[in-house]
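# need a structure here:
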Amino acid sequence: MPSVLFVVTAAEEWTLADGTKRPTGYWAEELIAPHRAFQGAGWDIHFATPGAKAPVVDEYSLEVLPDNVRMAQENYLAELGVALENPMNLADVNEEDYDLIFYPGGHGPMEDLAYDQDSAKLLQARMDSGRALGLVCHAPAALLAVDNENWPFKGYKMTAFSNAEEGEDVIAAAKWALETRLRELGADYQETDPMSPNVIVDRNLYTGQNPASSEPLAQRILRDF
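Numbers count the residues shown, from 1 in each chain. Take a look at the predicted model:
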């Protein structure tokens with residue numbers, strides 16, 4: 001049975017350039033859609049967060065949904081219950097234990113995983129191993145924590161939430177923009193039309209651009225296993 005580790009942000013707030021904070025967390029669809037796909041395929045699924053802190057859903061990711069979809073996602077998260085509320089400590093994770101390591105997005109990763117050195121060590125070990133790594137939407141922010149002088153993702157084709165999707169107002173308020181930082185570090189960043197599915201695969205790196213890419217990304221990973 002293949003195994004997957006979901007590395008989930010533990011951030012509840014996102015700090016902007018002026019020091020103000022916005023509520024955040026993980027984006028519901030970006031955790032639920034892949035989880036459902038991997039669970040349906042019979043995978044063994046685990047969760048880890050920085051400090052083993054219980055992750056919180058970004059409420060906005062539920063508020064923007066039609067009522068019936070929102071209720072279905074809320075019910076799904078409730079069913080995950082104990083597993084999601086009691087994650088492993090990211091510092092205790094052994095990269096070799098998992099066939100796939102998967103990072104859901106939300107602005108949360110821009111607050112914690114973009115700087116977390118336990119996550120950075122895990123990502124470096126995964127790239128050294130050549131085994132599958134998946135990240136969706138804002139989750140590629142976690143790649144920024146890895147040694148920027150010898151960035152192992154330089155030259156890799158990848159995608160992430162684009163500047164166009166982020167919007168001028170958010171970019172102006174933020175400390176940094178994800179697409180911009182990835183390009184600056186040498187990523188071969190590739191995007192499609194805003195909010196349209198986009199999955200990019202380069203060697204063992206699987207990335208999805210936005211929430212709409214969550215399900216296609218998971219299905220692409222499953223096809224390759």
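
# Next, the buried residues of whichever helix in the chain runs longest.
Identified as the longest helix of the chain according to DSSP state H is helix 67-85. Of the residues in helix 67-85, Q73, L77, L84 count as buried by neighbour count, 16 or more other CB atoms under 10 Å. Using the backbone N, CA and C atoms, a C-beta is placed for each residue, glycine as well.

# what does stretch 183-197 give?
A187, Y189, E191, T192, P197.

# quick one: Q209 and A164 touch, right?
No. Using CB atoms under 8 Å, Q209 makes no contact with A164, being 10.4 Å away.

# between these two, what contacts are shared?
Contact criterion CB atoms under 8 Å, 6 or more residues apart in numbering; residues bridging Q209 and A164 by contacting each: E191.

# What ranges does this protein have for its helices?
Using DSSP H, helices in the chain cover 28-40, 59-63, 67-85, 108-111, 117-129, 163-166, 168-173, 178-185, 214-223.

# ok, L80 - contacts?
H35.

# The same query, at a cut-off of 6 Å, please.
With contacts defined as CB atoms under 6 Å, 6 or more residues apart in numbering, L80 has no neighbours.

# What is the end-to-end distance of stretch 59-74?
With CA to CA, to the nearest Å as the measure, the ends of stretch 59-74 fall 10 Å from one another.

# mean confidence score for that stretch?
Averaged over stretch 59-74, pLDDT sits at 97.

# Give me the residues contacting that stretch.
Under CB under 6 Å, 6+ apart, the answer for stretch 59-74 is W27, A28, I32.

# how about a cut-off of 8 Å?
P23, G25, Y26, W27, A28, E29, I32, G106, P211.

# And stretch 155-164, by the same measure?
Against stretch 155-164 from outside (CB under 8 Å, 6+ apart): 105, 135, 137-141, 171, 177-180, 182, 186-192, 194, 198-203, 205, 207-210, 213.

# Over to stretch 212-224?
29-30, 32-34, 37-38, 41, 100, 102, 104, 132, 134, 136-137, 159, 195-199, 201, 206-208.

# In strands, which of these appear?
L100, F102, A132, G134, V136, V199, V201, Y206, T207, G208 (DSSP state E).

# and which of the buried residues of helix 67-85 is nearest A48?
L84 (11.0 Å; CB to CB).

# tally of neighbours for the residue lying closest to the closest one once chain neighbours are set aside?
Once flanking residues are discounted, L84 sits nearest to F47: 5.7 Å by CB to CB, 6 or more residues apart in numbering. Here the number of neighbours of F47 (other CB atoms under 10 Å) works out to 22.

# Show me where the protein dips below the pLDDT cut-off.
The chain contains no residues with pLDDT under 70.

# who's in contact with V57?
Per CB under 8 Å, 6+ apart, neighbours of V57: G25, Y26, W27, A28, L31, L77.

# Apply 6 Å and report the result again.
G25, A28.

# That one and P152, how far apart?
As judged by CB to CB, to the nearest Å, V57 and P152 stand 30 Å apart.

# Can you get me a residue count around E149?
4.

# quick one: A52 from V93, how far?
11 Å.

# For these two, indicate the residue with more neighbours.
V93 (20 against 15).

# Now that one, what are its backbone angles?
As for V93, its main-chain torsions (degrees, to the nearest 10) stand at phi -70, psi 140.

# Please give me every residue in contact with the nearest residue to it once chain neighbours are set aside.
Leaving aside its chain neighbours, V93 sits nearest to A48 (5.2 Å; criterion: CB to CB, 6+ apart). A48 is in contact with L5, V7, P87, M88, L90, V93, counting by CB under 6 Å, 6+ apart.
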